[in-house]
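In: Build me a model from this:
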Amino acid sequence: MSVRRRAAALAFTVVLCGAAAPTAIAAPSPSPSAPGLPAGLYGTKDPTYDGVWRQSLAFLAQKIELVTPATQSVNWLVAQQCDSGAFASYRDASAPCDSRTVADTNASAAAVQALVELGVHRETVDNGVAWLKSVQNKDGGWGYNPGSASDANSTAVVTGALARAGVPLVEVTKAGGKTPYTALRTFALPCGGEDGGAFAYQPGKDGELTANADATAAAVLGSMGKGMAAGNYNAAKAPVCHKGTGLTAEQSAQNGASYLAKALAGSGHLNLPPMPGAEDSAPQPDFGNTADAVVALAAAGHKDKAASAVAYLEKHAQGWAKEGGPAATAQLVLAAHATGTDARDFGGVDLVRQLNATGPAPAATAVPSPTATAPEKPADTSSDDEGLGLWWIIGIGLAFGAGIGFLLSGRRKNQQL
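Out: The predicted structure is shown next:
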């Protein structure tokens, strides 16, 4: 998942996660949208190819960090849906979708995932799910646009969306019983050799499979039926590449994880493919796919194998994320969350604040409860299931109405990137 995969609602109620009891914080009025862009949209760059995608990733990252997006931001995303249930990459929502509107399975799946995680607009989610199921290819997978050949990335992100929406994936079948898992396995390289266990984006003209790290990271999540905002998992045994045919979806995912672990073992990062005519130039780091590989490894139970990549991203990826806008920053937040790293102090950068500043000011934010030594903390709230790490102070107390207090965030700014 690069800043845009394959390229270059209503505010939710703050969740009280596990035993931790976060405190709701009233947010200032939403900041104005960037000049020339619709109100509620995150980021300032041309949204033609990634408007829905970057908005959805921003929501996913905000949700896991207990941030409630502004109502107008969620309403903007909901309004992007066509009556069919599909989303385009971006469209003018003042006019209805027509034959010129190009439906985008990736954008649709990302929007469905985001709204599921926010826990709002279920009717929009259900319409999106119905449309995604209706455009499933005969091989069980999905292409980037309806009718295009299946690819690993699109199949994986749709699979994750359906799973997060509560759809039993084994029931999403085409003729001959082909499921999304069936399609994903067709992109998997067998064990053995330098690229064993990896996934290809699509087969070549002669059916050959070429390892693709981006496709592999996506396919690991998809094969496990997990969404892009995968949780923080403890390290398990070392990843192993399972040989043979008839592998389970979990075994295919572990094969992909073994490939990613080896790919990151040296430098701690993945590289961008060389530009045409520049094969002899020095490799350039691929921060986006490195972040995605971190999430995939952690979701597969191998976050220890992603430690060097997290350290590399903390040291080198801040400039890339700020320039890349909401989707890039969100990718780092997701990688931090998946490995239990503090996204609010990621190499000295508060990624959550940076992400929030790319759109309208959040409706609310939640912070961890007081430390365990504080006398007012209940005995059964000693843990933080979201792994937010360090406690931090964010504001001053004000009394509203009949003594009801809210903490105002001193960190939030009404600024626009």
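In: can you map out the helices along the stretch 201-350 of the chain?
Out: Assigned by DSSP state H, counting those that start in this stretch, the helices in the stretch 201-350 of the chain fall at 213-223, 249-265, 287-299, 307-316, 318-324, 326-338.
In: could I get these as a markdown table with distance to Leu132, mean neighbour count and mean pLDDT?
Out: Quick note: C-beta positions are derived from backbone N, CA and C, even for glycine. Shown next, in a markdown table, are the helices of the stretch 201-350 of the chain (distance: least, C-beta to C-beta, whole Å; neighbours: other C-beta atoms under 10 Å; pLDDT from 0 to 100):
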| stretch | distance to Leu132 | mean neighbour count | mean pLDDT |
| --- | --- | --- | --- |
| helix 213-223 | 13 | 30 | 97 |
| helix 249-265 | 19 | 24 | 96 |
| helix 287-299 | 21 | 29 | 97 |
| helix 307-316 | 31 | 19 | 97 |
| helix 318-324 | 27 | 18 | 95 |
| helix 326-338 | 21 | 29 | 97 |
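In: will you turn the ones you listed into JSON lines that also has distance to Gly204?
Out: Converted to JSON lines, these look like this (distance: least, C-beta to C-beta, whole Å):
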{"stretch": "helix 213-223", "distance to Gly204": "13"}
{"stretch": "helix 249-265", "distance to Gly204": "18"}
{"stretch": "helix 287-299", "distance to Gly204": "20"}
{"stretch": "helix 307-316", "distance to Gly204": "28"}
{"stretch": "helix 318-324", "distance to Gly204": "30"}
{"stretch": "helix 326-338", "distance to Gly204": "28"}
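In: Compare those and give me the one nearest Val52.
Out: Nearest to Val52, of all those, is helix 326-338, at 10.7 Å by C-beta to C-beta.
In: Who are the packing partners of whichever helix or strand comes after that closest one?
Out: Scanning forward in sequence from helix 326-338 by DSSP states H and E, the next helix or strand is helix 351-356. Counting contacts by 3 or more C-beta pairs under 8 Å, 6 or more residues apart in numbering; DSSP states H and E, helix 351-356 packs against helix 51-64, helix 318-324, helix 326-338.
In: Quick one: list the elements packing against the shortest one.
Out: For helix 318-324, the contact count by 3+ C-beta pairs under 8 Å, 6+ apart identifies helix 287-299, helix 326-338, helix 351-356 as packing neighbours.
In: Let me have the helices and strands packed on helix 351-356 in JSON lines, extended by distance to Ala152.
Out: Listed next are the helices and strands packed on helix 351-356 as JSON lines, based on distance: least, C-beta to C-beta, whole Å:
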{"stretch": "helix 51-64", "distance to Ala152": "17"}
{"stretch": "helix 318-324", "distance to Ala152": "23"}
{"stretch": "helix 326-338", "distance to Ala152": "18"}
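In: closest to Leu189 out of the helices of the stretch 201-350 of the chain?
Out: Nearest to Leu189, of all those, is helix 249-265, at 8.0 Å by C-beta to C-beta.
In: What residues does the closest residue to Val349 other than its chain neighbours make contact with?
Out: Nearest residue to Val349, sequence neighbours excluded (C-beta to C-beta, 6 or more residues apart in numbering): Gln318, at 5.0 Å. Gln318 is in contact with 346-349, counting by C-beta atoms under 8 Å, 6 or more residues apart in numbering.
In: Which one (most neighbours) among the residues you listed?
Out: Within the contacts of Gln318, neighbour counts (other C-beta atoms under 10 Å) peak at Phe346, which reaches 23 neighbours.
In: which residues sit in contact with that one?
Out: By C-beta under 8 Å, 6+ apart, the residues touching Phe346 are 313-314, 318, 332, 336.
In: From Thr155, how far out is it?
Out: Phe346 is 31 Å from Thr155, where distance means C-beta to C-beta, to the nearest Å.
In: Show the residue spans covered by the strands in the stretch 1-150 of the chain.
Out: Here the stretch 1-150 of the chain has its strands, by DSSP state E, counting those that start in this stretch, at 23-26, 67-68.
In: Flag whichever of those strands has the least confidence on average.
Out: Mean pLDDT across the strands of the stretch 1-150 of the chain is lowest at strand 23-26; the value there is a mean of 32.
In: those helices in the stretch 1-150 of the chain, which residues are they?
Out: Using DSSP H, counting those that start in this stretch, helices in the stretch 1-150 of the chain cover 51-64, 71-79, 105-118, 122-134.
In: which pair in the contacts of Gln318 spans the largest distance?
Out: Using C-beta to C-beta, the pair of the contacts of Gln318 lying farthest apart is Phe346 and Gly348, separated by 7.6 Å.
In: Quick check, Thr82 in contact with Asp98.
Out: One correction, residue 82 is Cys, not Thr. No - the criterion here is C-beta atoms under 8 Å, and Cys82 misses it with Asp98 at 9.1 Å.
In: The two: which is more packed in?
Out: Each of Cys82 and Asp98 has its neighbours counted (other C-beta under 10 Å); Cys82 has more, 19 against 8.
In: got the phi/psi numbers for that one?
Out: phi -80, psi 160 (degrees, to the nearest 10).
In: For it, list the residues it contacts.
Out: By C-beta under 8 Å, 6+ apart, the residues touching Cys82 are 88, 96-97, 101, 103.
In: ok, these vs Ala215, which is closest?
Out: Using C-beta to C-beta, Ala103 is the member of the contacts of Cys82 that lies nearest Ala215, at 21.4 Å.
In: Quick check: the gap between that closest one and Ala257.
Out: Applying C-beta to C-beta, the value for Ala103 to Ala257 is 32 Å.
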